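J.: With the sequence up front, the predicted model follows.
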Amino acid sequence: MTARIGVVTFPGTLDDRDSLRAVRIAGAEPVSLWHRDKDLKQVDAVVLAGGFSYGDYLRAGAISRFSPVMETIIEQAKAGMPVLGICNGFQILTESHLLPGAMLRNNHLHFICREQKLRVETNGTAWTADYTAGQEIEIPLKNMDGRYVADERTLDELEAEGRVAFRYLDYNPNGSLRDIAGITNAAGNVVGLMPHPEHAVEPLIGTGRTDGLGFFTSILKKLVNA
Amino acid sequence: MSLDTVKHAAESPDVEQPWKELGLKEDEYARIREILGRRPTGAELAMYSVMWSEHCSYKSSKVHLRQFGEKVPENDAMLVGIGENAGVVDVGQGYAVTFKVESHNHPSYIEPYQGAATGVGGIVRDILAMGARPVAVVDPLRFGAAEHPDTKRVLPGVVAGIGGYGNCLGLPNIGGEVVFDECYQGNPLVNAGCIGVMKHEDIHLAKASGPGNKVILYGARTGGDGIGGVSVLASETFESTGPAKRPAVQVGDPFQEKLLIECTLEIFKEKLVAGIQDLGGAGLSCATSELASAGSGGMRVELDTVPLRDATLSPEEILMSESQERMCAVVEPQYVERFMEICEKWDVIATVIGEVTDGERLEIFWHGEQIVDVPPRTVAHEGPVYERPYARPSWQDALQADDAGRLPRPSTPEELRAQVLRLVSSPNQASKSWITDQYDRFVQGNTVLAQPEDAGMVRIDEESNLGVAMATDGNGRYAKLDPYAGAQLALAEAYRNVAASGAKPLAISDCLNFGSPEDPDVMWQFAEATRGLADGCLQLGTPVTGGNVSLYNQTGDTAIHPTPVVAVLGVIDDVTRRTPIAFAKEGQLLYLLGDTREEFGGSAWSQVIHDHLGGLPPRVDLDREKLLGEILISASRDGMIDAAHDLSDGGLVQAVVESCLRGGHGARLVVPDGLSAFTFLFSESAGRAVVAVPRSEELRFTDMCGARGLPAARIGVVDGTSVEVQGEFDVPLDELRSAHEATIPSLLA
Amino acid sequence: MARVVVDVMLKPEILDPQGQAVQRALPRLGFEGIADVRQGKRFELDVEGPLDEAALARIHEMAETFLANTVIEDFTVKVEESK
Amino acid sequence: MARVVVDVMLKPEILDPQGQAVQRALPRLGFEGIADVRQGKRFELDVEGPLDEAALARIHEMAETFLANTVIEDFTVKVEESK
Ligand SMILES: Nc1ncnc2c1ncn2[C@@H]1O[C@H](COP(=O)(O)OP(=O)(O)O)[C@@H](O)[C@H]1O
Ligand SMILES: [Mg+2]
């Protein structure tokens, strides 16, 4: 028995097929979820994939957040179901208030696509257990609205509770406060980040590194051993 | 204003009509009257005027383009040739690939962001209409002088528009070009290409057949934007005063297009369409007349059923509107319900606007009254054809006589070193990552190679690792010196780039960007370039599958350099065998393949150091290109080389610097006997590449080159942290990197 | 039909690079004396039916939950005089 | 310091994909009765010195040549009452 991991497709989602592939390569069973369905098809965890859902119109993630599938995901995430938000998925998670803060236009106002170095700050989440705390990885980053902001109190709280999950290294590509690339909720089941681990799971493609595979093997182990 | 019906037109032959304002010539208007046996209605006049525009009818270029259909090389790969939305080639394992390059030059000058964005949208719909899933885009671009203030307006907008649209569609951008030259001031070239993949059985064609079949318009609502925009705009020159003419511009909605793509692919999967056509230039006029013309001819359309964004639009405006993100499908009645369901699933508006009839005429009605009754072929395929006069320009001989070989050359190692740095930091040779980093190259998770590699490459089958590669090239400076050779050099360079990546070149698409066809000088350039390209394709065995012509790229009397842009598509059985450009392993041996001659006409060196354009471009030897290609492909397949980089503008030194910076290793070079250091570094002789050979493979590799008769000279080794030319100079990689990478950001950021 | 305008601006403490970019460009274009620029969004809503208190309350809610993200943005709702 | 607001909206005949996306989402969120939504930009400018006719003319010119892209957008300039 392996774990079933769902990947949601909203109108305008782009990296759903890549995320399904990453789930498969990690050895889990990929399941497609559709934004109009409240039903999560009994998946054990959910990935909110990258892209431009609803064209990023209004604000990135703002319209998707109100879709039927999100009603169930918000409810289940609060009950402990693991959820990973990548890029647009991260934006949806902040718009849903499952994660604190907000995502804004990059400080240089351009879309940016690069191979980005990160530090995994904590392996105490459902999605990072296969990394070591402090491990440096390199995975693709590509976004327009990647600047993470939150008020000082929230930022201090995140730091104090060890909830800054990933930090940009060498170069802050979007002006995110405190170089934050990704965060987790207090329970460690909901994780969001801007860079794209699903694009770094095969040596052939993109950066030529497989540094992103750990996200998917982490969750698989957690679910299978549970 | 009362409705101008067919009946009314027949009864009122003497009504004054605005044919001139719509861009028609007097004899063209007369011909329309002759075809119809009466004056056209307003709606008919609208249709003919946009469809007979230069942009849609190819009236000046047609007689020359014919060669692409006549001089066709033996090539089993060709599945669909010129004449459809895009050509299709077989790439094996049951897969077919469709690809094409188009221009959106004029709209991008007026409104850079939206012009470029809708250019991407248009080419993607062309590819989609063939039945394929779009998998990658490329963007060959030309701008005015890098330092010119208008370049700061146009370039960032164009780049943001291409990125904004393509990124939002989820199409990796895997290649293109950025060239600056003052000849493009006021006439930037924004060409966009797209590659699509399908199974053989999924190929769709743009034709309406089967009486009773429904015509369904789906996608965005029709609005008043861009009425006659592209077609009229791209068919005239700008006044020298700049963008005085500001017709309604179209705004793209990439989100809508993404839905259109997914929706259409699902419709294809269930085999619900009998024919399909995208809506681009000339909108519904084009889609309805082309579908009908390519089918049995008869179609009836109820124009008042078209969903509108602006209820006040007249029927003429609806026919001419170039609102984006629309498609037109012909569907058998029993499939209409399912078709509609899929559209609903994707939130795409779909409306039955008419049906195929057993007649031979395109008939369009407005609230029950007939406003169009035409033979569709006369609109879509039998427009005017001009034999424009052309003649070799009087200045051509003088230009060619002004030999670049006579320019002063660097006389000391210090001077040589300084010129190398000036070259690699000049806008055309500098790193373009400020631009390409605004494009998503990772999306879809199949990108094996992207900028700054020689060719872009995507995997199309995850099991077998089958992939396709594409490179686009064009050198307007070479083409200005000799348009025939220039077109062949563009072809040769793109071919060489694809081969250098390890893929086998299969077929080409092109975008022919020229000045006004009403100028005999320009027409001669066009005639020479098409002849050169057709002859070249015949010789290389790569058929032309389709393309696009953009004329009137001209301000006042001054035309751009003739700029034929060629896109070569290649196939590779196993993408894990691809060859990157990076020199990544210390100790590997560097070999220069091909012959280096004293060739500096049109070179980057002559431009950067002397601001000179004259003489002859490098000699073309297509048999040599073919041999070089075969060697590069075999060497890649058999693991004999770890890196390869084609030599083109900037010559050897440019290629070596790029490969070193990409790989993070230096190189020690030795000037081969019989060459001066200057010629070795800066010559732009064609048919050359530099490769990195593991020592263990050296013998096998040189034996292969020797046996096949390809000159291969050992010129150095991958080593250290600088580029050193022994006995001449040494430049640290760090210095090269900052010179190479700082230029574009400092000009534009 | 009544027209309601919702203006959404970033909160003062949030960095507004778009506004800054505009402000920085102005002197180059020859416009001096602009001390600060902030860029926000303007929504024009055409509202069917009477614009009574209940309708306005609903629009206020819509702005608060949807048109603006109050983590980072402030908003105002204004009724436009019908033209 | 005087505050001037420049509102920039797409011309009526130009497609406004953002406004459309917002409008289509509203019924799903339970907000009915919004016939149309257009989304534009709002610039808040803090102007140094007196806001006389010359200053306003300059701001108008700035809006026309820079803040708005008059190929596709219209704009209005308003002086805000000082707070
Ligand atoms: N330079 C060219 N070389 C080859 N084929 C061309 C060229 N220009 C146009 N064509 C072909 O002529 C046909 C009509 O072109 P076009 O009007 O651009 O197509 P579309 O209507 O899809 O935009 C297409 O099949 C196109 O591939
Ligand atoms: Mg087409």
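T.: Here it is on my side, so go on. Ligands and ions are numbered 1, 2, ... in the order given.
J.: got the contact list for residue A:57?
T.: Counting by Cβ atoms under 8 Å, 6 or more residues apart in numbering or on different chains, residue A:57 touches A:63, B:255, D:17-18, D:21-22, D:39. C-betas here are computed from N, CA, C, even on glycine.
J.: out of these, who has the most neighbours?
T.: residue A:63 (26 neighbours; other Cβ atoms under 10 Å in any protein chain shown).
J.: residues touching that residue, list them.
T.: A:53-54, A:57, D:21-22, D:25.
J.: Please repeat the previous calculation with a cut-off of 6 Å.
T.: By Cβ atoms under 6 Å, 6 or more residues apart in numbering or on different chains, residue A:63 lies in contact with A:54, D:25.
J.: what does chain C put close to chain A?
T.: Within chain C, the positions near chain A by Cβ under 6 Å from any Cβ of the partner chain are C:17, C:69, C:71-72.
J.: Most neighbours among those, which one?
T.: Neighbour-wise, these (other Cβ under 10 Å) top out at residue C:69, 23 neighbours.
J.: Validate this expectation: that residue resides in a strand.
T.: No. Assigned with DSSP: H, G, I helix; E, B strand; the rest coil, residue C:69 falls outside any strand and is coil.
J.: Please report how far the closest residue in space to residue A:212 that isn't next to it in sequence lies from residue A:59.
T.: Take residue A:212 and drop its neighbours on the chain: the residue closest to it by Cβ to Cβ, 6 or more residues apart in numbering or on different chains is residue A:197, 2.9 Å away. Distance of residue A:197 to residue A:59, computed by Cβ to Cβ, to the nearest Å: 24 Å.
J.: Just the CA atoms of stretch C:40-53, as CSV, please.
T.: What follows is stretch C:40-53, C-alpha atoms only, in CSV (Å, rounded to 0.1, in the frame of the first residue of the first chain):
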residue,chain,number,x,y,z
GLY,C,40,-3.0,50.9,-6.0
LYS,C,41,-6.0,49.4,-7.6
ARG,C,42,-9.3,50.9,-8.5
PHE,C,43,-12.4,48.8,-9.1
GLU,C,44,-15.4,50.2,-10.8
LEU,C,45,-18.5,48.2,-10.1
ASP,C,46,-21.8,48.6,-11.9
VAL,C,47,-24.4,47.6,-9.4
GLU,C,48,-27.9,46.4,-10.4
GLY,C,49,-30.9,47.4,-8.3
PRO,C,50,-31.2,50.0,-5.6
LEU,C,51,-28.0,51.1,-3.9
ASP,C,52,-29.5,51.0,-0.4
GLU,C,53,-27.7,50.4,2.9
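J.: what mean pLDDT would you report for that stretch?
T.: For stretch C:40-53, the mean per-residue pLDDT is 94.
J.: ok so, going back, out of the residues of chain C next to chain A, which one sits closest to chain B?
T.: The closest of those to chain B turns out to be residue C:17 (Cβ to the nearest Cβ; 13.2 Å).
J.: Please identify which helix or strand holds residue 7.
T.: No chain specified, so I'll use chain A. Assessed by DSSP states H and E, residue A:7 sits inside strand A:4-9.
J.: Let me rephrase: I mean chain B.
T.: Counting by DSSP H and E, the element that carries residue B:7 is helix B:6-11.
J.: which residues does the residue of the stretch 551-700 of chain B found nearest ligand 2 contact?
T.: As assessed by Cβ to the ion, ligand 2 sits closest to residue B:567 within the stretch 551-700 of chain B, at 16.4 Å. Residue B:567 makes contact with B:101, B:193, B:470, B:472, B:509 under the criterion Cβ under 6 Å, 6+ apart.
J.: ok, back up a step: how close does the residue nearest to residue A:212 get to chain B?
T.: Going from residue A:197 to chain B by Cβ to the nearest Cβ, to the nearest Å gives 11 Å.
J.: how many other residues sit next to that residue?
T.: By other Cβ under 10 Å, the residues close to residue A:197 number 27.
J.: can you give me the helices in chain C?
T.: For chain C, the helices defined by DSSP state H cover C:17-28, C:53-62.
J.: Next: chain A.
T.: A:16-26, A:68-78, A:88-95, A:152-160, A:213-225.
J.: other SSEs contacting the last one?
T.: This points to helix A:213-225. helix A:16-26 (3 or more Cβ pairs under 6 Å, 6 or more residues apart in numbering or on different chains; DSSP states H and E).
J.: Kindly recompute the last result at 10 Å.
T.: Packing partners of helix A:213-225 (3 or more Cβ pairs under 10 Å, 6 or more residues apart in numbering or on different chains; DSSP states H and E): strand A:4-9, helix A:16-26, strand A:45-48, strand A:83-86, strand A:136-143, strand A:190-193.
J.: Residues of chain B that sit close to ligand 2?
T.: Residues of chain B found near ligand 2 (Cβ under 5 Å from the ion) are B:85, B:126.
J.: low-scoring stretches of chain B, by residue?
T.: Applying pLDDT under 70 to chain B flags the ranges B:1, B:228-248.
J.: I am assuming residue B:321 contacts residue B:225, so please confirm or correct that.
T.: Yes. At 7.1 Å, residue B:321 counts as touching residue B:225 under the criterion of Cβ atoms under 10 Å.
J.: Those two: who's more crowded?
T.: Set residue B:321 next to residue B:225 and count neighbours by other Cβ under 10 Å: residue B:321 wins out with 30 against 25.
J.: residues contacting that one?
T.: Applying Cβ atoms under 10 Å, 6 or more residues apart in numbering or on different chains to residue B:321 gives the contacts B:221-229, B:248, B:250, B:279, B:282-285, B:306, B:308-310, B:313.
J.: what about the residue of the stretch 551-700 of chain B closest to ligand 2, distance to chain A?
T.: Counting by Cβ to the nearest Cβ, the gap from residue B:567 to chain A is 22 Å.
J.: could I get the one helix or strand that residue maps to in CSV with only the CA atoms?
T.: In this structure, residue B:567 is located in strand B:563-572 according to DSSP H and E. Taking Å, rounded to 0.1, in the frame of the first residue of the first chain, the C-alpha atoms of strand B:563-572 are listed here in CSV:
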residue,chain,number,x,y,z
THR,B,563,16.0,39.8,-42.1
PRO,B,564,15.1,36.2,-42.9
VAL,B,565,14.7,34.3,-39.6
VAL,B,566,15.0,30.6,-39.9
ALA,B,567,13.8,28.1,-37.3
VAL,B,568,15.2,24.6,-37.7
LEU,B,569,13.5,21.7,-36.0
GLY,B,570,15.5,18.6,-35.1
VAL,B,571,14.8,15.3,-33.5
ILE,B,572,16.8,13.3,-31.0
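J.: quick one: strands adjacent to it?
T.: Under the criterion DSSP bridges, strand B:563-572 sits next to strand B:467-473 (antiparallel), strand B:504-513 (antiparallel) in its sheet.
J.: Pick the most deeply packed of these.
T.: Comparing those by mean neighbour count (mean count of other Cβ atoms under 10 Å in any protein chain shown), strand B:467-473 comes out on top with a mean of 29.
J.: Confirm for me that residue A:74 is in contact with residue A:64.
T.: No. The pair residue A:74 / residue A:64 is not scored as a contact, 11.8 Å apart, by Cβ under 10 Å.
J.: Stretch C:45-53 near chain B anywhere?
T.: No. Remark: stretch C:45-53 sits outside contact range of chain B, by Cβ under 10 Å from any Cβ of the partner chain, the gap being at least 14.2 Å.
J.: With distance to residue B:649 as new columns, can the residues of chain C next to chain A be given to me in TSV?
T.: Output for those, formatted as TSV (distance: Cβ to Cβ, whole Å):
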residue	distance to residue B:649
C:17	36
C:69	48
C:71	50
C:72	47
